[in-house]
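Chemist: Structure here, sequence nowhere to be found:
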């Protein structure tokens, strides 16, 4: 087994990944204009990148703003600079302003419904799924459903996987760096 420290973890180039992943790199390049370093890093796994992107892009009951709020607070709780940076950009693309994004990173939102989502996602992340009854009850009181709860947990797991990947590999962040708060 290859023994590589995080300090030596390089982002693979297109030529260093499988044929399947090369095609995915090409599609990411077309869609985004580049292959984000963290996605490229998943390319070390012959099947991982397709599997992860299929999971990440699956239909959900959460809208894009809600998904970004979950992504950002989970990345904040897990102290992942890469994902905080990426989701500040994606959050703006999905209609949040700087103040709203800062609030989400601090675990809150002026929007009451979104606030319940952010608090629950933070609680789920901090407490490894053992969220307080208060946060769960508030989530349901704001009109969220059991389907939404399952989808929040799946969104937390999606982002946690990426947070852990970056926290271990420390590949270069290729988004404008999130400021420390």
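Modeler: That came through, no problem. In this text, all values refer to a predicted model and were calculated from it rather than measured experimentally. Numbering: from 1, shown residues only.

Chemist: neighbours around the closest residue to residue 75 other than its chain neighbours, how many?
Modeler: Leaving out its chain neighbours, the residue that sits closest to residue 75 by C-beta to C-beta, 6 or more residues apart in numbering is residue 83, at 3.6 Å. For the C-beta atoms, the positions are set from N, CA and C on the backbone; glycine is no exception. Residues near residue 83, counting by other C-beta atoms under 10 Å, number 27.

Chemist: gap between residue 83 and residue 97?
Modeler: Residue 83 sits 20 Å away from residue 97, going by C-beta to C-beta, to the nearest Å.

Chemist: Then residue 129?
Modeler: 31 Å.

Chemist: gap between the residue nearest to residue 75 and residue 125?
Modeler: Separation of residue 83 from residue 125 (C-beta to C-beta): 12 Å.

Chemist: Helices of the protein, residue ranges please.
Modeler: 19-32, 37-42, 48-56, 64-77, 81-93, 98-105, 112-126, 133-141, 146-169 (DSSP state H).

Chemist: Kindly reformat those as CSV containing mean pLDDT and distance to residue 178.
Modeler: Shown next, in CSV, are these (pLDDT from 0 to 100; distance: least, C-beta to C-beta, whole Å):
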stretch, mean pLDDT, distance to residue 178
helix 19-32, 97, 19
helix 37-42, 98, 14
helix 48-56, 97, 20
helix 64-77, 98, 9
helix 81-93, 97, 4
helix 98-105, 98, 8
helix 112-126, 98, 16
helix 133-141, 98, 25
helix 146-169, 98, 12
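
Chemist: Deepest in the core, which of those helices is it.
Modeler: helix 64-77 (a mean of 24; mean count of other C-beta atoms under 10 Å).

Chemist: Residues that sit against both of residue 83 and residue 125, list them.
Modeler: Among the neighbours of residue 83, those also in contact with residue 125 (C-beta atoms under 8 Å, 6 or more residues apart in numbering) are residue 74.
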